[in-house]
Structure formats: C-alpha cells, structure tokens
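**Student:** fold the following and give me the result.
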Amino acid sequence: MSLPASLSADTNNDFSDTYSPNYAPNYALVQSIDIIAPLGNNPRLYGQSAACNALSDIYAMGGQAYTAMNILSFSSCDTPLEVVREILQGALDKIEEAEAFSCGGHTLESKELRFGLSVTGFVPKKHFSQNKNLHAGDILLLTKPLGSGVLSTGIRGKWDHAEEAEKELFSHTTRLNKHVSKIIQEFQLEASTDITGFGLMGHSLEMAKASQKSIVFEYAQIPFMDYVLEYARNGLIPKRCYENKRFAAPFVHIGETVPELAATLCHDPQTSGGILLAVPPEKLDRVKLALENAGDCAYQIGRVTEKQEHFISLI
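**Tutor:** Take a look at the predicted model:
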C-alpha cells in the first residue's frame, strides 16, 4: 500500500506531488476517532456525514487522511442489512473522495445504531495548525453555517418542512473539509478547529483558553442553515445545546442587545461542521478568495483580542 497521490514528501509541504517512500522525515502521524448517532432518514447520507465528521479532525490540522476504519454498532435483529450496506457505502464514498484507504473495521451488537471512523493521517512536521496559537488581531472565519443539531431534532420530530430541512442538513454535513486543509497549508495558518459536538462557543473557548487570548463574536454575522431559526423558535433545540451552554456560561459574556435565542444557538452541537480559522489580517483577503474558489464559505464572524475578563464575548 502506498500513500495517496495527494500526499507529498516534498519539504515545501505541497500535497499535490507524487508520494515518495522517503516521506517519513517530513511528516508526522496523526490519528482521530469519532462516532455519531443517526442523522436524518437516509442511511447512505448518514454514512457520508459520519465519515466527513471523523475526517474533519485531520483536516482541521492541515493534514491529509491516509487510512480509515469503520466502527459500527447496531442491533442485528432490528437493523435491516440493506441499511447497514448503505451506511458503509456512504462512508466509502467519502473515504475515496478524501483519497484515503478504507481498511475494514469493527461491528458491535448494540440496541442503538452508531457509526463513525477511526482515521489515520499525516501532517507536515514543519507546519500544522492547532486549536491554540491565537494572536491578537487575528480574524475568525467559519466555513459552514451552524444548526445541524436543531435541524436533526426537527427532522426526527417530522416537523414542518422536514424533507426540505433534511436536504439542507445533508448539503452541509456531506461536504468534506479537505480544501480547507490545503488552504491551512498554503497560507501557513497556525490556529484552527473543527466545530462539532461542543458547538461554536465550546470549541472556540478551548482555543481561547489554550492561547490565553479572548475572542469577540458578532452575533449578526454568525450564519445558520435554513429552517434553523424557525425550528428553534418552536422549541426544537437539542438537550446537548443547553448542556454546552451551561458548561461555557462562566467564560462567556453576552451583550445586552444579543437575542437570547441567537446566543443559545451558538452552542448548538454540530455534526460535520465547518472549520474555524484564525487568519492574520494581511492574509485575510487571499484566504477568503481561496476558500470561495474552492467552493467553501468564508463567513467573517469575529476577531481575537488580548485576554479580557471573559474568554468569549458575543456582541
């Protein structure tokens, strides 16, 4: 087995060259694992979303996935084998799109259906991004809108427009963050994180604490998927969202003009969410253009300051 063609031994950290067996001196091994509950009603798209979700940990560092192993728990008595096949095929679709190798996996007997991947990848030793290294003055870009937790709650409850909401949900969760990884390398970005189960606030709080800096978000600039606000106004907010909010509350300041609902939704647990990028001002225009040219979003939602009273402010 050889590395995907997109992994290069070249010391300039360009993943586009052909793999050389001498890659080892230039790359470090990274590993991650992530498993999620069913999302929506389409098993193949669920498998794709779970794969994208697991692969994002590698991409958030500016890395390239190499191998992936399936982890599936289900009730062999209650889950049709066709559903299992579709989940696994969906995951394989995205593993192949990621130019990685599927290496089998493991199944468990369980009352509840869960699926995910264990992923092994590589990052250049000379440069990889981390969920720290924020610098005062950095601009924060988000590459996907928020709200997958709310939408999945509404879809399970068969709320109004559930079919359209499911299409909206999967249009985001089945998109790989692989182009963002390449942009991290191209512009040598130092700080980034994927937005997943702890929501925007939880994952940005982790970055702020590790960097001993503060983050200021502008609530009016934070994007949400279609139907999210409608569902949330009707109370379709997952329990995990409130749990995230309680955990982060001591470290977060909410401005007086910020609607309570908007503040709550910033804690919505995401599945296969976007990457939050800290971009130096002098690189901002070029990074935004590169993201847009790759088909990704580049929502400018906040900035980094020196350490203030609170690690996070939403204004």
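**Student:** burial measure for Glu163, as a count.
**Tutor:** By the criterion of other C-beta atoms under 10 Å, Glu163 has 10 neighbours. Placement of C-beta: from N, CA and C, glycine included.
**Student:** ok, now the one 5 residues further on?
**Tutor:** Other residues within reach of Glu168 by the criterion other C-beta under 10 Å amount to 20.
**Student:** which residues touch it?
**Tutor:** Counting by C-beta atoms under 8 Å, 6 or more residues apart in numbering, Glu168 touches 151, 225-227.
**Student:** show me which pair in those is furthest apart.
**Tutor:** Leu151 and Asp226 (8.6 Å; C-beta to C-beta).
**Student:** stretch 149-162 - what's its average pLDDT?
**Tutor:** For stretch 149-162, the mean pLDDT works out to 95.
**Student:** please read the previous query as pertaining to stretch 112-128.
**Tutor:** If you average the pLDDT over stretch 112-128, you get 95.
**Student:** check the offset of that stretch from the chain's centre.
**Tutor:** In terms of C-alpha atoms, centre = their mean, to the nearest Å, the centre of stretch 112-128 is set 12 Å apart from its chain centre.
**Student:** C-alpha coordinates for that stretch, CSV please?
**Tutor:** Taking C-alpha atoms only, stretch 112-128 is exported to CSV below (Å, rounded to 0.1, in the frame of the first residue of the first chain):
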residue,chain,number,x,y,z
GLU,A,112,-28.7,1.9,19.4
LEU,A,113,-27.3,2.5,16.0
ARG,A,114,-24.0,4.4,16.0
PHE,A,115,-21.4,4.8,13.2
GLY,A,116,-18.1,6.5,12.7
LEU,A,117,-14.5,6.2,11.6
SER,A,118,-11.0,5.8,13.1
VAL,A,119,-8.8,7.8,10.9
THR,A,120,-5.0,7.9,10.5
GLY,A,121,-3.4,10.7,8.6
PHE,A,122,-0.3,12.8,8.1
VAL,A,123,0.7,16.4,8.7
PRO,A,124,3.9,18.2,7.7
LYS,A,125,6.3,18.4,10.6
LYS,A,126,7.3,21.9,9.6
HIS,A,127,3.8,23.2,9.8
PHE,A,128,0.4,22.1,11.2
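**Student:** go through that stretch and flag the buried ones.
**Tutor:** Within stretch 112-128, the residues that qualify as buried are 113, 115-124, 128, counting by 16 or more other C-beta atoms under 10 Å.
**Student:** does Pro223 touch Cys297 like I think?
**Tutor:** Yes - when contacts are counted by C-beta atoms under 8 Å, Pro223 is listed as touching Cys297 (7.3 Å).
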